[in-house]
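> Structure for the following, please:
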Amino acid sequence: MIVSSGNFARYLPPSPMTRAWGIAVTGAGEQSVGAGEVYPPAGHPADHGFTWAEGRVLGAMQLVFIRAGRGRFESRETALRAVGAGDVLVLSPQSWHRYCPDAETGWEELWIEVEGPVVDRLREEGVLNQGARVVRSGRPVELEQVLRAVHQKLSGVGGASHDAERGALGLQALAVALDAGTEGERGDKGAVWVQQVEHRLAADLQHAPRGEELARDLGVSYSHFRREFRRVTGMAPHRYLARLRLDRARRLIGSSAVRLDELADRLGYSSAFHLSAAFKQEFGISPQTWRALAAGGDR
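Numbers count the residues shown, from 1 in each chain. Model prediction:
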């Protein structure tokens, strides 16, 4: 049974610096709700408080980590379900939801609220699924550490309306929570061999093996290889290899006098022309212009 203790909550308005940095923590708190206590406790702003009968809709992304105890959760996208220690409530803006601890046990929760262009982009790209849902944390200790680091920065008198380091911690909390939510479902075998493939590709860009060869060496079908590679890296294998080559080209062109034809051969391109065309398509400028800019030129 959870015994109620001191609670902490703080809310901050978004700062003009939020757009420049891309992400900000605009709220955070911790609540220990004892068995039979009213939930949520009084004292939250009107746009954050709610009752089980009515639920609520938020204007920003929230993560609620259930540290101990158990309860229930429901949203527009998720049917009524039980939640407990180690679960993370991922609450997207504009999504109706409701949750509460079990009257017999209570619970302990730690939460943060984040917003900004980075969060918007993650939602647009599908990294942060639209809606409110529950994920199971496979890294609860790490997640709690990150959330408490955010709380420590906000609990002091001098907590500014915008703190870039606090925003970075908010992004880290999102990354840990979302990774925790997929780890148990898919396991990490794919991630392990994708890392092996990444090292193999980077080691010899001139004679990089084809995807079919890599899949055969791993003992998996090419379709499975391609699907897992995209899941882990966010790119198809051929696109990943192309970006590796172009990133290497950009570094070498900007920091050395290497000729384009020599570099093209070293990176597996058929000619300097093909390297130059791919470089311009990827980065928006020609290799020659990039070299001039890296050297301090005005072209």
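
> Each with direction, which strands does the lengthiest strand in the chain pair with?
The longest strand of the chain (DSSP state E) is strand 61-75. The strands beside strand 61-75 in its sheet (DSSP bridges) come out as strand 81-84 (antiparallel), strand 87-91 (antiparallel), strand 97-101 (antiparallel), strand 107-115 (antiparallel).

> and the next element down the chain from the last one?
The helix or strand immediately downstream of strand 107-115 is helix 117-124, counting by DSSP states H and E.

> Which strands and helices lie in contact with that following helix?
Judged by 3 or more Cβ pairs under 8 Å, 6 or more residues apart in numbering; DSSP states H and E, helix 117-124 is in contact with helix 164-186. Where C-beta positions appear, they are placed from N, C-alpha and C, glycine not excepted.

> Go over the secondary structure and confirm E262 is in a helix.
Yes: E262: assigned to a helix according to DSSP: H, G, I helix; E, B strand; the rest coil.

> tell me the pLDDT at the residue most central in space within the chain?
Of all residues in the chain, the one closest to the mean position by Cα atoms, centre = their mean is A175, 3.6 Å from it. Looking at A175, its pLDDT reads 91.

> hang on, the earlier thing: rebuild the strands paired with strand 61-75 as JSON lines, extending it with distance to A164.
Below are the strands paired with strand 61-75 laid out as JSON lines (distance: least, Cβ to Cβ, whole Å):
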{"stretch": "strand 81-84", "distance to A164": "32"}
{"stretch": "strand 87-91", "distance to A164": "24"}
{"stretch": "strand 97-101", "distance to A164": "30"}
{"stretch": "strand 107-115", "distance to A164": "13"}
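
> right, and these - which one's nearest G126?
The minimum distance between G126 and the strands paired with strand 61-75 falls on strand 87-91, with 13.3 Å, by Cβ to Cβ.
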